[in-house]
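A.B. asks: heads up, no residue letters with this:
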């Protein structure tokens, strides 16, 4: 029974680590990026909700709960305590990480008129170099798009 729970914990730990992996570029060749140019029409203050999906709090909490659960009882009761401790510790660790690190970040919504005449709106962390009327590049697309000054 103990081997089963150790195997279950190992599989869960492996899946959690795999979930932390960063996905590669979407579409196109590796390192390929779309760049458009235009002029900033408007900049408005905004907030970006952060994404705390690192999972470190859940992993550390689960390990701590597993360790504490191993100190309780013998036999099957001990195995149950270890599983309950790992689950409870993972939940508590994730909640604590979320409370501390999942806070909104100051950002700016930038509206750019690209050379084709189309307006593009991008929300990104504050870049104090950007001003209304400035010529800029829009690097990337979708959620990965960023406005950077033309140099």
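C.D. replies: Noted; the coordinates are in hand. All values reported here derive from a predicted model rather than from experimental measurement. Numbering: from 1, shown residues only.
A.B. asks: Please make it C-alpha for all contacts and neighbour counts, starting now.
C.D. replies: Will do.
A.B. asks: Which residue, neighbours along the chain excluded, lies closest to residue 137?
C.D. replies: Nearest non-adjacent residue to residue 137, counting by CA to CA, 6 or more residues apart in numbering: residue 37, 4.3 Å away.
A.B. asks: That neighbour: what's it in contact with?
C.D. replies: 114, 115, 135, 136, 137, 138 (CA atoms under 8 Å, 6 or more residues apart in numbering).
A.B. asks: repeat that with 6 Å
C.D. replies: By CA atoms under 6 Å, 6 or more residues apart in numbering, residue 37 lies in contact with 114, 136, 137, 138.
A.B. asks: a helix runs through it, doesn't it?
C.D. replies: No: read with DSSP: H, G, I helix; E, B strand; the rest coil, residue 37 is strand and lies in no helix.
A.B. asks: any idea how far it lies from residue 93?
C.D. replies: 44 Å (CA to CA, to the nearest Å).
A.B. asks: and which of the contacts of residue 37 is nearest residue 57?
C.D. replies: The shortest gap between residue 57 and any of the contacts of residue 37 belongs to residue 138, at 35.0 Å (CA to CA).
A.B. asks: so how far is residue 145 from that closest one?
C.D. replies: 6 Å.
A.B. asks: Looking at those two, which is more packed in?
C.D. replies: residue 138 (21 against 18; other CA atoms under 10 Å).
A.B. asks: Understood, closing this out.
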